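**Student:** Below are the sequence and a predicted model for it; my questions follow.
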Amino acid sequence: MVLSNKNPHLVLLSSPAHPTPTIELGKRLVTCQSVKVTVFVSCFVKAAAAVSKTIGSIPKTELFDVIQLPPADISGLVEPGHTGLTAVVSGVRVTKPAFLSAISALETPPTALIVHVYAIECLKIADELKIPKYVYTCSHAWYLALILYTPVLDEEVGGEYADKKEPFLLPGCTPVRPEDLPDPMIVQTKKDYLEFLQIGLDFPKVDGILVNTWEELQPKTLAALRDYQLLGSIVKAPIFPIGPIATEGTAGLKSELFYWLDKQPSGSVLYISFGSMGGLSVEQMTELSWGLELTQQRFIWVVRPPMAKTGSGSAPKFGHNADDMSSYVPEGFISRTRDRGVVVPHWAPQVQILSHPSCGGFFTHCGWNSAIECIINGLPMIAWPLYAEQRMNATLLTEELGIAVRSQTIPSKGVVGREEVATMVRKIFVDEEGRKIRGRVKELKLGADKAWSHGGSSYEALHEMVKHCQKSR
């Protein structure tokens with residue numbers, strides 16, 4: 001059976017580290033373009049059960065299906081405990097044969113293949129099937145520009161990037177400071193950098209690029225990506241800004257936490273979470289706790305066990321274990337703040353909290369998905385970048401978009417003191433600066449809503465992408 005031009009079949013492939021953004025893109029393609037979508041989800045062995053549970057909760061229809069590939073065992077390919085880009089790409093390579101077999105066996109032949117940026121080497125499968133191939137970058141356009149330009153930097157910059165003092169110039173874009181480089185670029189002699197470089201080298205082979213931003217959010221960077229005299233000379237494929245695409249929440253969720261939220265004044269609660277892999281030292285947790293007490297601010301804090309007794313303030317942490325929260329926050333903190341704060345162990349329904357009328361700000365690790373969730377809810381941020389490209393995200397949010405504040409101390413390099421924590425909280429909830437930030441983020445929220453309205457920039461970009469893949473076939 002071959003689909004008609006009116007109903008193409010798009011196949012999507014996630015990377016093991018980013019299944020949710022790919023699934024959400026698939027949903028958007030179905031709801032906005034009425035195309036048939038099959039999403040293949042790759043995952044690591046340790047995450048297989050959780051991914052299976054997530055997939056099982058997604059309603060499947062005639063136009064939308066999500067299939068979990070066999071879990072990738074990378075124990076013999078990377079060092080134990082390694083969680084960087086090498087691990088992610090290795091997981092893709094392990095599942096590649098299973099993906100080829102699965103896509104070849106589909107009852108409805110695919111019209112085009114869209115892969116997550118960290119699964120870009122699977123585009124070779126599209127060549128075998130003789131179908132168009134696209135890459136989905138679920139981060140922003142500035143990060144995409146850096147990926148595209150890394151092969152040029154690799155030839156032009158002598159020595160380690162992190163040792164340089166001057167920012168790295170990206171044609172037509174904001175320069176990238178050495179301290180803002182994403183983790184894979186920090187040490188060029190490591191495998192993570194070689195994988196990152198290879199991704200940049202593979203981009204010129206694509207037929208199109210989808211990126212999780214929108215025209216009105218990053219017009220200058222998107223223009224540079226399309227300008228042949230700037231970055232467009234590197235990759236001539238069309239750029240489709242199709243954001244904001246974020247995780248959908250569950251409507252009507254009720255618990256003791258939400259009964260508490262319902263009683264708080266509008267815009268009064270600070271939500272604090274550092275992502276599923278964000279860890280703080282005991283020293284940093286202590287300073288954050290006292291900073292919250294100094295402000296008397298209402299809050300919800302998702303607390304995870306500390307990564308270390310002392311040392312740097314924050315870092316990626318994996319494999320959290322259950323523990324008694326009172327043993328790693330200051331003595332009496334939970335009881336002293338009980339009237340205005342809630343401490344939640346390990347996990348909280350972030351999407352539902354951020355969309356609640358009582359939520360007034362987000363103390364965040366600056367993952368791009370979290371940043372987008374803030375923007376679409378019109379919330380200011382306290383930026384606390386930890387790993388991956390989050391330092392770039394924090395700079396974009398604070399310096400270019402003007403919707404966040406951040407500490408002078410880089411959290412991954414030192415402990416941020418309680419006074420500075422309190423100052424940042426007051427900035428977004430009390431000070432004049434916070435009023436301006438709130439006004440700006442509400443403008444961006446309206447722009448995001450407009451981008452996905454019928455005829456909006458992202459709505460039309462997704463429509464153009466579907467037309468493009470049909471013409472390219």
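**Tutor:** Received it, and whenever you're ready, just let me know what you need. Numbers count the residues shown, from 1 in each chain.
**Student:** So, low pLDDT: which residues of this structure?
**Tutor:** 1-6, 249-253, 308-324 (pLDDT under 70).
**Student:** got the domain boundaries for it?
**Tutor:** Domain assignment of the chain by automatic domain parsing yields the ranges 9-243+453-472, 256-449.
**Student:** would you turn those into TSV with mean neighbour count?
**Tutor:** Just so you know, the C-beta spots here come from the backbone N, C-alpha and C atoms, and that holds for glycine as well. Putting those into TSV (neighbours: other C-beta atoms under 10 Å) gives the following:
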stretch	mean neighbour count
domain 9-243+453-472	19
domain 256-449	19
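**Student:** roughly how far is stretch 126-136 from the heart of the chain?
**Tutor:** On the basis of C-alpha atoms, centre = their mean, to the nearest Å, stretch 126-136 is displaced by 24 Å from the centre of the chain it belongs to.
**Student:** Run through the helices of the stretch 251-400 of the chain in chain order.
**Tutor:** Assigned by DSSP state H, counting those that start in this stretch, the stretch 251-400 of the chain shows helices spanning 256-262, 282-295, 333-336, 350-354, 368-376, 390-395.
**Student:** same for the one helix or strand K220 maps to, what does it pack against?
**Tutor:** Using DSSP states H and E, K220 maps to helix 219-226. Identification of packing neighbours for helix 219-226 by 3 or more C-beta pairs under 8 Å, 6 or more residues apart in numbering; DSSP states H and E yields helix 141-156, strand 239-241.
**Student:** and of those, who's closest to V30?
**Tutor:** Closest to V30 of the helices and strands packed on helix 219-226 is strand 239-241 (C-beta to C-beta; 16.6 Å).
**Student:** So which residues make contact with the closest one?
**Tutor:** For strand 239-241, contacts defined as C-beta atoms under 8 Å, 6 or more residues apart in numbering pick out 141, 208-211, 213-215, 218, 222, 225-226, 457-458, 461-462, 464-465, 468.
**Student:** List the neighbouring strands of that strand plus their orientation.
**Tutor:** Take DSSP bridges as the rule and strand 239-241 pairs in its sheet with strand 208-211 (parallel).
**Student:** what residues are up against the nearest residue to F64 once chain neighbours are set aside?
**Tutor:** Spatial nearest neighbour of F64, chain neighbours left out: V30 (4.7 Å); criterion: C-beta to C-beta, 6 or more residues apart in numbering. Contacts for V30 were tallied using C-beta under 8 Å, 6+ apart; they are K36, V37, T61, L63, F64.
**Student:** repeat for V88
**Tutor:** V88 makes contact with S15, P16, A17, Y118 under the criterion C-beta under 8 Å, 6+ apart.
**Student:** how about the second one, what does it touch?
**Tutor:** Okay, so that is P16. So P16 contacts S42, C43, F44, A47, A72, A87, V88, G91, V92, T95 (C-beta under 8 Å, 6+ apart).
**Student:** where does it fall, phi/psi-wise?
**Tutor:** Note on P16: backbone dihedrals following degrees, to the nearest 10 are phi -60, psi -30.
**Student:** ditto for the first one
**Tutor:** Note on S15: its backbone torsions stand at phi -90, psi 160 [degrees, to the nearest 10].
**Student:** How about it, nearest residue that isn't a chain neighbour?
**Tutor:** Using C-beta to C-beta, 6+ apart and skipping the chain neighbours, the partner closest in space to S15 is Y118 (3.9 Å).
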